[in-house]
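Student: kindly return the folded structure for what I paste below:
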Amino acid sequence: MKLVGRSSSKSGNRAQTKKSIINDYELSEAPFDDTGTSDLHDITSDSWDSSDFLDVTQNTVDISELPEIKQFLEQQQPVLTRSTAPKPVVKKETAPATPKPPAPKKVKPPSMPQITAYPDVELSAAQKAAIQRVINKKAPKPEEAPKSEEAHKPEEPQQSAVPTGNTGKIPQQVPQQVQKVAPVKRKANKKRRADIHAHSDRQLKKRGPPVKIFLIVFLIALVLAGGGLYGWYYWWTEHATFEYELHPIVILSGQSVEAYDFITSCEEMDRVAATFQNPDFKPQNGLQHVPLTLSLGLRSVEDSVTLHVMTTKDREFHEYKEPGNDLRAIDFITNLDAAAGVPFVVDFVVPPLKPEEYEVGEHTLYLVLNDAPFEVLYIVADTIPPTARAVSKHIIAGDTVVPTDFVEDVYDHSGIRSIEFVSEPNLLSESDQIVEIEITDNNGISAIFRGELIITLNMEDPVIEGTETIISGIGVDIDESKYLDGVTAFDDMERPLEVIVDSSGVDISTAGVYSVFYTATDATGLSTVIEEKVHIINVDFDDLYARVDDALERIRRDIRKDEITQLDMVRGIHAWVIRHLYLPDSDTVEKPEVVYEAAYRAIIDRRRHYIYYSSLSEIMLTRAGIPNLRIDRIPDAATQYRWNLVNPDEAGWHHYDATPLPHRVSIGAEAAYFKNSRAIEITRRYESFDGTKNFWTFDVALYPEIVT
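Tutor: As a prediction, the model looks like this:
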């Protein structure tokens, strides 16, 4: 059985609450409360009334087994039951069964405190005494109890209902007499309620205002006092003046700035707010006054501060290699007057080089102004052209000239790349001319200088030297290099000239004598032409060289020395030629015109003739590697004669003659190597012998100097 009550939240409606206590109570079946406890501290108070009873929480306590409670409930049951006739209770005897889980039940939040009986809760003695006092105070007087026939009947023992399963309910056990009680009149109920209300009023007058009201009033007063103090403090902190400090700012052009950046210090930096008075404010180059509004809570102040926007150079020029002052970071600020009196810091991120140490080109300098980075393009250019002194040049027609012939003292701080002609001069011009020279330095800067060219024309024909008769066998090809071997040409200024050979008339397939022409032309157009002979002979050169080499080998064996000198070979060749040519000369023997042909015949025919002696000696001396020349008698002599010149071991040129002389004028073996003085002596002796003149007389101008 559950006793359910509903409390009113309004303390001012206490009378209405008292009147509705009995009407709102009813006996009903309800599920057990899960808390299983009851708060009885208010019940123990002597000043208990219906309002205290209504403040009891929903916690429950088992009071159904107390005799006092049972008696009170039996006495009050006709009054508290709203129905006029008891509800019949059908008692069913059922065997214990397995309890089923209770179906979920919607439990409305109780509007009044509940007291629920729990059979497993034991009450202390103090709790039981408190409940007894409550029952004694609230129990109706005997004369006011309803008089019914069943009220004084002896109580019948009630059987305890055993719960079947954990259903959360106690089966209702209605006494037999309750079902037989007749309906109670409403007048009795009204009187009962009136008595309860009157009792509550007496208790309130007796007790006076409850303690809770004083506590509530005290708390309200405390809150109001604290609120007043806080309001006063808030008003003071939000309306009193506050201290702050502003400072001017130096920034770069294009750099943004916030109003808060101007504040150096303030009482509450984390709460202060700074705004520009002009919402569209933007930094302008130069000096600028900035109006600000500072706010701290409800306090605000207007002030102004200066903003200094600095402009910088975007590029700087310097002459290459020109010495200059060291670079300073402040020199790259263009409006220093905008920050007059305001300190700021500008410096290089990386220290720069000296101006003259930079190469030509663009170099980026990295700087900072108050920790704001900026860059400057440092351009090193070369604008100074090279310097030089122009001079005149005197040449002979045909001479070659170079650009440096016309300039002197050339200089440029970056170095010289090139010196060139603007246009090539005419070296064959008969008049003087101006020559333009362009000098360019290493950086591409150039300058023009003008010099004078003076030309002298050639007056003499060129000279061709080194041509000689060429001997070749039938069918042997003669190329141009063989024609030009040892041939040179010069003009009258002894400048070398090119020699051109014309050998178109030579037929190498047929034996004979042919002409070849050598031509040299100087710069002025003067030319010289020389004719030489080419002999195509029927000679087996391989056989000739084989025979000569074999003879030289026999000569070396006959010398019998470990170290054979060239002079030893000269004397050995001279002796071998004289021994080899022993047959008498014949008038029918055709005199050969070439050396190789004569030498070949000398080896094969072995006949004596001065041409054979000199030709064979020339071939053998040449094959032995000994310097030699053929020498002819002067053309004015009555007869022709030929002998040789030798220079063994670089001892000087000496006469060599292998042709045997008459006994009275012969000098024997001395003829292999003798001086020019000996040749003059023998020439005079030969003339006195048979009247032959000019025997060893020759043209001194055609031959090298001979040892005297």
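
Student: where does the stretch 151-300 of the chain dip in pLDDT?
Tutor: 151-190, 197, 199-210, 232-241 (pLDDT under 70).

Student: the chain now?
Tutor: Looking at the chain by pLDDT under 70, you get 1-123, 127, 134-190, 197, 199-210, 232-241, 583-594.

Student: would you map out the domains in it?
Tutor: 2-86+108-207, 244-309, 311-381, 387-456, 463-537, 547-702 (automatic domain parsing).

Student: go through those and name the closest to residue 223.
Tutor: Closest approach to residue 223 among the domains of the chain (CB to CB): domain 2-86+108-207, 19.2 Å. Where you see a C-beta, it was placed from the backbone N, CA and C, and this is true even at glycine.

Student: hang on, the earlier thing: could you redo the domains of the chain as CSV and give each row mean neighbour count and distance to residue 229?
Tutor: Shown next, in CSV, are those (neighbours: other CB atoms under 10 Å; distance: least, CB to CB, whole Å):
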stretch, mean neighbour count, distance to residue 229
domain 2-86+108-207, 15, 30
domain 244-309, 15, 17
domain 311-381, 14, 46
domain 387-456, 16, 84
domain 463-537, 15, 123
domain 547-702, 16, 135
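
Student: columns distance to residue 223 on top of these, output as a markdown table?
Tutor: What follows is the domains of the chain, written out as a markdown table (distance: least, CB to CB, whole Å):
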| stretch | distance to residue 223 |
| --- | --- |
| domain 2-86+108-207 | 19 |
| domain 244-309 | 23 |
| domain 311-381 | 53 |
| domain 387-456 | 90 |
| domain 463-537 | 128 |
| domain 547-702 | 140 |
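
Student: quick one, which of those is nearest to residue 226?
Tutor: Closest among those, using CB to CB: domain 244-309, at 20.0 Å.

Student: endpoints of the closest one, how far apart?
Tutor: Terminal residues of domain 244-309 are spaced 24 Å apart (CA to CA, to the nearest Å).

Student: coming back round to it: among the domains of the chain, which comes closest to residue 222?
Tutor: domain 2-86+108-207 (20.4 Å).

Student: and residue 629, which of the three is it?
Tutor: strand (DSSP: H, G, I helix; E, B strand; the rest coil).

Student: quick one, which of the domains of the chain is nearest to residue 213?
Tutor: domain 2-86+108-207 (8.4 Å).

Student: quick one on the thing from earlier: out of the domains of the chain, which comes closest to residue 216?
Tutor: Judging the domains of the chain by CB to CB, what sits closest to residue 216 is domain 2-86+108-207, at 9.8 Å.

Student: for residue 559, grab phi and psi.
Tutor: The phi and psi torsions at residue 559 (degrees, to the nearest 10) take the values phi -70, psi -40.

Student: what sits against it?
Tutor: The neighbours of residue 559, taking CB atoms under 8 Å, 6 or more residues apart in numbering as the test, are 568, 569, 572.

Student: what of residue 623?
Tutor: By CB under 8 Å, 6+ apart, the neighbours of residue 623 are 545, 548, 549, 552.

Student: pull the contacting residues for the first one.
Tutor: The reference is to residue 545. Contacts of residue 545 (CB under 8 Å, 6+ apart): residue 623.

Student: repeat the analysis, applying 10 Å as the threshold.
Tutor: 619, 623 (CB atoms under 10 Å, 6 or more residues apart in numbering).

Student: in which helix or strand would I find it?
Tutor: Assigned by DSSP states H and E, residue 545 belongs to helix 541-559.

Student: packing partners of the next helix or strand after that helix?
Tutor: Stepping forward along the backbone from helix 541-559, the first helix or strand reached (DSSP H and E) is helix 566-580. In terms of contacts (3 or more CB pairs under 10 Å, 6 or more residues apart in numbering; DSSP states H and E), helix 566-580 is packed against helix 541-559, helix 595-605, helix 610-623, strand 642-646, strand 654-656.

Student: again, only this time at 7 Å
Tutor: For helix 566-580, the packing partners by 3 or more CB pairs under 7 Å, 6 or more residues apart in numbering; DSSP states H and E come out as helix 541-559, helix 610-623.

Student: how about TSV for those, with distance to residue 305 added?
Tutor: Converted to TSV, the helices and strands packed on helix 566-580 look like this (distance: least, CB to CB, whole Å):
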stretch	distance to residue 305
helix 541-559	115
helix 610-623	112
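
Student: among these, which is nearest residue 345?
Tutor: helix 610-623 (95.1 Å).

Student: hmm, back to that, okay, the angle between the helix holding residue 545 and helix 566-580?
Tutor: If you take axes from the mean of the first three to the mean of the last three CA atoms, to 10 degrees, helix 541-559 sits at 110 degrees to helix 566-580.

Student: next, the angle from helix 541-559 to helix 595-605.
Tutor: Using the same axes, to 10 degrees: helix 541-559 against helix 595-605 is 70 degrees.

Student: so which of the helices and strands packed on helix 566-580 comes closest to residue 393?
Tutor: helix 610-623 (47.4 Å).

Student: right, so of the helices and strands packed on helix 566-580, which gets closest to residue 299?
Tutor: For the helices and strands packed on helix 566-580, the distance to residue 299 is smallest for helix 610-623, at 127.4 Å, taking CB to CB.

Student: can I get the closest one as CSV, trimmed to CA atoms?
Tutor: The C-alpha coordinates for helix 610-623 follow below in CSV (Å, rounded to 0.1, in the frame of the first residue of the first chain):
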residue,chain,number,x,y,z
TYR,A,610,136.7,14.2,-116.4
ILE,A,611,132.9,14.1,-116.6
TYR,A,612,132.9,10.5,-115.5
TYR,A,613,135.3,11.2,-112.7
SER,A,614,133.4,14.2,-111.3
SER,A,615,129.9,12.6,-111.8
LEU,A,616,130.8,9.3,-110.2
SER,A,617,132.5,11.1,-107.3
GLU,A,618,129.4,13.4,-106.8
ILE,A,619,127.1,10.4,-106.6
MET,A,620,129.3,8.5,-104.2
LEU,A,621,130.0,11.5,-102.0
THR,A,622,126.2,12.2,-101.8
ARG,A,623,125.3,8.6,-101.0
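
Student: residue boundaries of the helices in the protein?
Tutor: 14-19, 21-24, 50-54, 67-80, 125-138, 176-180, 186-207, 211-239, 480-483, 541-559, 566-580, 595-605, 610-623, 676-690 (DSSP state H).

Student: so which of the helices and strands packed on helix 566-580 is nearest residue 346?
Tutor: helix 610-623 (91.5 Å).

Student: what angle sits between the closest one and helix 541-559?
Tutor: 80 degrees.
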